[in-house]
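K.L.:
what's the 3D shape of this:
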Amino acid sequence: MPRQMGVELVPVAEVFAANQVNATVFRQSPLCSWAGRQYAGFYDPAGEIMLASRQRDARTWTFRPLGYRGVMRDAHNAVSLGISREGLLHIAYDHHGARLHYRRGIAPGEMRFGPETPMTGHLEEHVTYPQFVASPDGRFYFVYRDGGSGNGDLCLNLWTGEGWQVLRHPLISGEGRCNPYWWRPGVGPDGSLHLAWCWRRTGDARTNRDVCYAVSRDGGHSWLRTDGSPYRLPITSEQAEVADPVPEGQNLINQCSSFVDGLGRPHLVHYRNDAEGIPQIFHVHFDGVAWRAAPVSARTQPFSLAGGGTLRPPLSRPDVVVSSGGTAYVIYRDDESGGRVRVSWADAPEYRIWSHQDVTDFPVGAWEPSHDPVAWQDEQHLDLWVQRCEQGDHEVTTDLRAQQAYVLRVLPAAGD
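P.N.:
Numbering: from 1, shown residues only. Here you go, the predicted model:
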């Protein structure tokens, strides 16, 4: 009998929904936890940034406004949260080639923030895709792009407990000829930091190519390929290890997700064309010897990624986690199968046979998945930010009114 996952839906608040700004996969994170408490950051219906918190198993939230209104016409301008090991909340928001907007909490667990401040004061005038990454060894990182689409670099900072320091500016460089779009970073049980990315040559998503990979085992200072050979920094296109070779024009989507399993092996998810020219979700993992790729979905309808800015394809970018038992869970939305939140899973070591379950009974529009990494790490609960939203191609904002947002808790399938 097929395994089924348990689900629970907890309302948060009504939120802005006329574009994807509250529901993009590259938000790291819309939800995060510390000391048994869960926090959320989002734009309310008026475009004001709101913070919320609850005990992780409660249904009642406490709210606090940040006192900032975002540029809502651009879906890149998401709110990203992180919590450093001492319990300070960190928030970055409203970026698409913009000056850094960053604040941190005034005390552990507090939703009250100090004023906007620089981090390092270096390369902070053209920021996009800010992400906080917490490692099991207590290190706390900040990743962002300096520059623009087709001409930009990935920069990496480290929190010291008192302030931020530059680890590498840049870490991955497009050398003025392209730019890296990275997958959500993964952290290993040993504290290793894993990065995957693709390259884009112009502002047009059709020029995305090649999913690449690097790992740091010393807190982001030096970087290696899977064979242990060191990179010369910054990492450039000519020297990058390719985990999934994809030429331009194959509907490779950028800004997806990665996860590191209990064996320290990376798992990457993204979509690209299959051999028939149909975009499919692919799961790509390193098995200790080589990279392996397998389709997760079985779609039948083609589409094309074309142009710049935020697009509205019929398939969301996916998210991924791997259980302590080695089962990979891939989360996404596919309009071809009804546009609901779908979780697909497959077992180690082959990850070839995928089962599927829709975990909402309602469609979610242009929603993309992101989860609370601490809830998964601590309890193997997949806590997802879920809301309906819409998105017009090339940063077009729709007329969809505010929608209810939820935390959707998905419990692993019995038998995992």
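K.L.:
can you list the low-confidence ranges for the protein?
P.N.:
1-2, 413-416 (pLDDT under 70).
K.L.:
let's see that with 80 instead.
P.N.:
Along the chain, segments meeting pLDDT under 80 span 1-3, 413-416.
K.L.:
which residues of it fall in helices?
P.N.:
373-379 (DSSP state H).
K.L.:
so how far is C155 from E162?
P.N.:
20 Å (Cβ to Cβ, to the nearest Å). Quick note: C-beta positions are derived from backbone N, CA and C, even for glycine.
K.L.:
more crowded one of the two?
P.N.:
Using other Cβ atoms under 10 Å, the more surrounded residue of E162 and C155 is C155, with 26 against 6.
K.L.:
chain center to stretch 146-156: distance?
P.N.:
Its chain's C-alpha centre and that of stretch 146-156 lie 17 Å apart, by Cα atoms, centre = their mean, to the nearest Å.
K.L.:
quick one: contacts of it?
P.N.:
97, 123, 126-128, 141-145, 166-174, 176-180, 182, 195, 197, 200-203, 207, 220, 234, 308 (Cβ atoms under 8 Å, 6 or more residues apart in numbering).
K.L.:
end-to-end on that stretch?
P.N.:
Stretch 146-156 has its terminal residues 10 Å apart, counting by Cα to Cα, to the nearest Å.
K.L.:
repeat that for stretch 29-44.
P.N.:
Per Cα to Cα, the first residue of stretch 29-44 is 17 Å away from its last.
K.L.:
re the thing from before, now intersect the contacts of stretch 146-156 with the strands, please.
P.N.:
Among those, DSSP state E puts 127-128, 141-145, 166-173, 179-180, 182, 195, 197, 200 in strands.
K.L.:
which among those count as buried?
P.N.:
127-128, 141-145, 167-173, 179-180, 182, 195, 197, 200 (16 or more other Cβ atoms under 10 Å).
K.L.:
what's the spacing between D153 and R317?
P.N.:
Distance from D153 to R317, by Cβ to Cβ: 22 Å.
K.L.:
check V410 too.
P.N.:
18 Å.
K.L.:
neighbour count: the two, which is higher?
P.N.:
The residue with more neighbours, out of V410 and R317, is R317; 24 against 21, by other Cβ under 10 Å.
K.L.:
give me the nearest residue to the more buried one, chain neighbours excluded.
P.N.:
V25 (4.2 Å; Cβ to Cβ, 6 or more residues apart in numbering).
K.L.:
contacts only, for that neighbour.
P.N.:
By Cβ under 8 Å, 6+ apart, the contact set of V25 is 184, 255-257, 316-319, 368-370.
K.L.:
kindly recompute the last result at 7 Å.
P.N.:
When contacts are counted by Cβ atoms under 7 Å, 6 or more residues apart in numbering, V25 touches 255-257, 317, 319, 368-370.
K.L.:
same deal with P369?
P.N.:
Contacts of P369 (Cβ under 7 Å, 6+ apart): 25, 316, 318-319, 331-332, 384.
K.L.:
likewise R73?
P.N.:
With Cβ under 7 Å, 6+ apart as the criterion, the residues that contact R73 are 395, 397.
K.L.:
with D287 instead?
P.N.:
Counted by Cβ under 7 Å, 6+ apart, D287 has contacts 265, 349.
K.L.:
hmm, try it at 10 Å
P.N.:
263, 265, 348-351 (Cβ atoms under 10 Å, 6 or more residues apart in numbering).
K.L.:
please apply the same query to H270.
P.N.:
183, 196, 198, 208, 211, 244, 246, 252-258, 281-284, 293, 317-318, 320.
K.L.:
now do M50
P.N.:
Taking Cβ under 10 Å, 6+ apart, one finds 12-13, 15-16, 40-44, 63-66, 79, 111 in contact with M50.
K.L.:
among those, which ones are in strands?
P.N.:
12-13, 15, 40-43, 63-66, 79.
K.L.:
buried among these? Make that a ChimeraX selection.
P.N.:
To isolate the buried ones among those in ChimeraX, judged by 16+ other Cβ under 10 Å, type:
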select :12,13,15,40,41,42,43,66,79
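K.L.:
how about the strands of the stretch 301-416 of the chain, start to end?
P.N.:
Taking DSSP state E, counting those that start in this stretch as the criterion, the stretch 301-416 of the chain carries its strands at 319-322, 328-333, 341-346, 355-358, 382-387, 403-411.
K.L.:
next one: phi and psi at the nearest residue to A205 once chain neighbours are set aside?
P.N.:
Nearest residue to A205, sequence neighbours excluded (Cβ to Cβ, 6+ apart): L305, at 4.2 Å. For L305, the backbone dihedrals are phi -80, psi 120 (criterion: degrees, to the nearest 10).
K.L.:
pretty sure L89 contacts Y102?
P.N.:
No: at 11.6 Å, L89 does not count as touching Y102 under the criterion of Cβ atoms under 10 Å.
K.L.:
common neighbours of the two, please.
P.N.:
With Cβ under 10 Å, 6+ apart, L89 and Y102 have common neighbours F113.
K.L.:
higher neighbour count, the two?
P.N.:
Using other Cβ under 10 Å as the criterion, L89 and Y102 rank with L89 on top: 26 against 22.
K.L.:
that one bridge partners, please.
P.N.:
I83 (DSSP bridges).
K.L.:
quick one: terminal-to-terminal distance for stretch 212-222?
P.N.:
17 Å.
K.L.:
next one: stretch 157-164
P.N.:
6 Å.
K.L.:
so which bits of that stretch are buried?
P.N.:
For stretch 157-164, a neighbour-count test (16+ other Cβ under 10 Å) marks 157-159, 164 as buried.
K.L.:
can you check stretch 104-115 too?
P.N.:
104-105, 111, 113.
K.L.:
just the buried residues of the contacts of H270.
P.N.:
By 16+ other Cβ under 10 Å, the contacts of H270 give 183, 196, 198, 208, 211, 244, 246, 252-258, 281-284, 293, 317-318, 320 as buried.
K.L.:
cheers, nothing more for now.
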